[in-house]
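J.: make a model of this:
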Amino acid sequence: MIFVRFRILATAAGLLGLAGCGQNPPPKPPPPEAGVVTIAPEAATLNAVLPGRTDPTAVSDVRPQVSGLLQRRLFTEGALVRQGQPLYQIDPAPYKAAYDNAAALLASAKAKAARYGALLQQNAISHQEYDDAEAAYKQAAASTESARINLDYTRITAPISGRIGRSSVTQGALVTAAQTTPLATIQTLDPIYVDITQSSSELIALKLAMRHGTLEREGPQDAEATLQLENGAQYPLHGRLQFSEVTVDPATGAVTLRAIFPNPDGILLPGMFVRATIIEGVQNNAILAPQQAVSRNEKGDPTALVVDAKGIARLHALKVGQTIGDKWLVTDGLKPGDKLIVEGLQKIQPDMPVHAVPASFLKQPPKRS
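T.: Residues are numbered from 1 along each chain as shown. Now for the predicted structure:
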């Protein structure tokens, strides 16, 4: 009986001891560390990546000026040709005969006019007879010049320099003056145009930013441009924007910007789809946020965590523009002096106390090559 009472008392004492321990809870864990960067305005070069297509700087259709049988083709299809280079030869025989006949008539009219001039000095003929002889001489001269021009037209030359395409006719074909079908087409591809489309709203925003002094550049027509080809490769040579359209396409709401690029190796061909990157200007007081600090909410809107003056992580809704290197250009939601959390985000929730420390990636030494 005594032993049972002892066990009851011991059990009660143990329960009282446990109850007494519950009055001293364990210490709370320290707040998680948050690697932060302090936002400061900086100069940023703004780029725009826009779709475009290549277009030759000059195009000329080769057409005959006189009719006749084609004797020879004097060029290689797909080759580069120079302005004035012979391309086709039309049978010159009928035009040579017409020229020789006109030249003979000219010689006769010239001799008659000279003879009548001498007779007029002797008062042997009237002024009217001399004037008729002089007019016949000038008409013969004009006919001879016309015949010479037609004879020259039997050799068809290149109107511009560039790359010539395939020939639509072969030796022996009958061609006619001013026919609708060209014999061949020449395109000047060095330099070459790139026609770029940009939405009118983007262009208006760019011009307003320049007017208000946010961007430092006189206009997009002075901007440098680079190209990315259809296969993703970077075109090695840089170009420049020349002008922008003054009207908006009502079907697309876009304007066309035209850039010109050197093309000495013929890499760019007419009609190619490319992506052009143009430098729009420099924004001196840009707010840039590292990309790893920006996430998206369920609506897809960008957000970031910022440590406030009390050491609490606060969620900020952002508005971002383009990416510049490894950073976002933030147009709203951050201000200079904000402590933006870039490290430790997986352990931090909004409105949670944190211990802000400088982000470690800023302290890493540069990699040696």
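J.: contacts for stretch 230-238 next, please.
T.: Stretch 230-238 is contacted from outside by 224-229, 261-263, 267-268, 272-274, using CB atoms under 8 Å, 6 or more residues apart in numbering. From N, CA and C alone the C-beta is placed, and that goes for glycine too.
J.: adding distance to residue 318, write those residues out as JSON lines.
T.: As requested, the contacts of stretch 230-238 are exported to JSON lines (distance: CB to CB, whole Å):
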{"residue": "224", "distance to residue 318": "29"}
{"residue": "225", "distance to residue 318": "29"}
{"residue": "226", "distance to residue 318": "28"}
{"residue": "227", "distance to residue 318": "31"}
{"residue": "228", "distance to residue 318": "28"}
{"residue": "229", "distance to residue 318": "34"}
{"residue": "261", "distance to residue 318": "36"}
{"residue": "262", "distance to residue 318": "40"}
{"residue": "263", "distance to residue 318": "41"}
{"residue": "267", "distance to residue 318": "40"}
{"residue": "268", "distance to residue 318": "39"}
{"residue": "272", "distance to residue 318": "37"}
{"residue": "273", "distance to residue 318": "33"}
{"residue": "274", "distance to residue 318": "32"}
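J.: for the protein, give me the ranges with low pLDDT.
T.: For the chain, the stretches with pLDDT under 70 are 1-25, 200-223, 244-246, 361-369.
J.: so in it, which helix runs the longest?
T.: Assignment by DSSP state H gives helix 93-121 as the longest helix of the chain.
J.: mind listing what's buried along that one?
T.: Applying a neighbour-count criterion of 16 or more other CB atoms under 10 Å, one finds 94-95, 98-99, 102, 105-106, 109-110, 112-113, 116, 120 buried in helix 93-121.
J.: what of stretch 45-62?
T.: Buried, per 16+ other CB under 10 Å, within stretch 45-62: 46, 47, 48, 50, 52, 54, 55, 56, 57, 60, 62.
J.: in contact with the most centrally placed residue in the chain, which residues are there?
T.: Nearest to the geometric centre of the chain sits residue 276, at 3.7 Å (CA atoms, centre = their mean). Going by CB under 8 Å, 6+ apart, residue 276 touches 49, 50, 51, 52, 194, 196, 225, 226, 227, 228, 259.
J.: that one belongs to a strand?
T.: Yes - the assignment for residue 276 is a strand, going by DSSP: H, G, I helix; E, B strand; the rest coil.
J.: so what's it bridging to?
T.: Beta-bridge partners of residue 276, counted by DSSP bridges, are residue 50, residue 227.
J.: for residue 57, see how far away it is.
T.: Remark: distance between residue 276 and residue 57 (CB to CB, to the nearest Å) = 16 Å.
J.: coming back round to it: just the ones of the buried residues of stretch 45-62 in strands?
T.: Members of these lying in strands (criterion: DSSP state E): 46, 47, 48, 50, 52, 54, 55, 56, 57, 60, 62.
J.: which one of these is nearest residue 186?
T.: residue 60 (5.0 Å; CB to CB).
J.: how about the closest one, what does it touch?
T.: Taking CB under 8 Å, 6+ apart, we find residue 60 in contact with 158, 159, 160, 162, 185, 186.
J.: which one of those residues has the most neighbours?
T.: When neighbours are taken as other CB atoms under 10 Å, the top entry among those is residue 186 (26 neighbours).
J.: name the element that one belongs to?
T.: Using DSSP states H and E, residue 186 sits in strand 184-199.
J.: could you list the buried residues of that strand?
T.: By 16+ other CB under 10 Å, the buried positions in strand 184-199 come out as 184-198.
J.: likewise for stretch 224-240?
T.: Result for stretch 224-240 [16+ other CB under 10 Å]: buried residues 225, 226, 227, 235, 239.
J.: wait, the last one touches residue 260, no?
T.: Yes - the pair residue 239 and residue 260 passes the contact test of CB atoms under 8 Å, sitting 5.6 Å apart.
J.: name the residues contacting each of the two.
T.: Joint contacts of residue 239 and residue 260 (CB under 8 Å, 6+ apart) are 191, 194.
J.: for residue 37, what are its contacts?
T.: The contact partners of residue 37, taken as CB under 8 Å, 6+ apart, are 290, 293, 339, 340, 342, 358, 359, 362.
J.: can I assume the fifth one is in contact with residue 359?
T.: Yes - judged on CB under 8 Å, residue 342 makes contact with residue 359 at a distance of 4.9 Å.
J.: what do those two both touch?
T.: Contact criterion CB under 8 Å, 6+ apart; residues shared by residue 342 and residue 359: 35, 36, 37.
J.: what count of nearby residues applies to the nearest residue to the first one once chain neighbours are set aside?
T.: Right, residue 35. Nearest residue to residue 35, sequence neighbours excluded (CB to CB, 6 or more residues apart in numbering): residue 343, at 2.8 Å. If you count neighbours by other CB under 10 Å, residue 343 ends up with 21.
J.: can I assume residue 343 is in contact with residue 359?
T.: Yes - judged on CB under 8 Å, residue 343 makes contact with residue 359 at a distance of 5.2 Å.
J.: what's the overlap in contacts for those two?
T.: 35, 36.
J.: tell me the helices and strands packed up against the helix or strand containing residue 255.
T.: According to DSSP H and E, residue 255 maps onto strand 254-261. Where contact means 3 or more CB pairs under 8 Å, 6 or more residues apart in numbering; DSSP states H and E, strand 254-261 is packed against strand 42-62, strand 184-199, helix 200-211, strand 224-228, strand 239-244, strand 273-290.
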